[in-house]
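In: just to be clear, the model below is a prediction. Sequence and coordinates:
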Amino acid sequence: MEDGAQAKKLLEASGYNTNEVNKAIAASIQAMWKNTLNVNVELMNHETNGHS
């Protein structure tokens with residue numbers, strides 16, 4: 001996705017699930033980005049918006 005603002009908006013709208021599997025996946029992606037792209041990211045937990 002070329003539009004960073006739109007990507008951020010979609011990510012925020014999706015909510016974030018805090019179960020242990022999702023935490024592990026996020027931590028793995030964080031490590032991959034650091035090792036491969038030399039990008040540091042901070043993982044932050046946010047409540048989900050719910051589903052309709």
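Out: Perfect, I can see it now.
In: for this structure, what helix or strand is lowest in average pLDDT?
Out: Least confident helix or strand of the chain, by mean pLDDT, DSSP states H and E, is helix 4-14 with a mean of 72.
In: which strands or helices does whichever helix or strand comes after that one pack on?
Out: Once helix 4-14 ends, the next helix or strand along the chain (criterion: DSSP states H and E) is helix 20-32. For helix 20-32, there is no helix or strand it packs on, judged by 3 or more Cβ pairs under 8 Å, 6 or more residues apart in numbering; DSSP states H and E. Every C-beta, even on glycine, is put in place using the N, C-alpha and C of the backbone.
In: in helix 20-32, what's buried?
Out: Burial within helix 20-32, assessed by neighbour count using 16 or more other Cβ atoms under 10 Å, is assigned to residue 26.
In: what about it, average pLDDT?
Out: When pLDDT is averaged over helix 20-32, the result is 85.
In: report the secondary structure state of residue 40.
Out: Secondary structure, DSSP: H, G, I helix; E, B strand; the rest coil: residue 40 is coil.
In: roughly how far apart are it and residue 5?
Out: Applying Cβ to Cβ, to the nearest Å, the value for residue 40 to residue 5 is 21 Å.
In: got it, and residue 38?
Out: Counting by Cβ to Cβ, the gap from residue 38 to residue 5 is 24 Å.
In: now swap in residue 34 and tell me
Out: Going from residue 34 to residue 5 by Cβ to Cβ gives 24 Å.
In: quick one: which of those two has more around it?
Out: A count of neighbours by other Cβ atoms under 10 Å puts residue 34 above the other of residue 34 and residue 5, at 12 against 7.
In: what about the closest residue to the more buried one other than its chain neighbours, distance to residue 20?
Out: Nearest residue to residue 34, sequence neighbours excluded (Cβ to Cβ, 6 or more residues apart in numbering): residue 40, at 6.2 Å. From residue 40 across to residue 20, the span is 23 Å (Cβ to Cβ).
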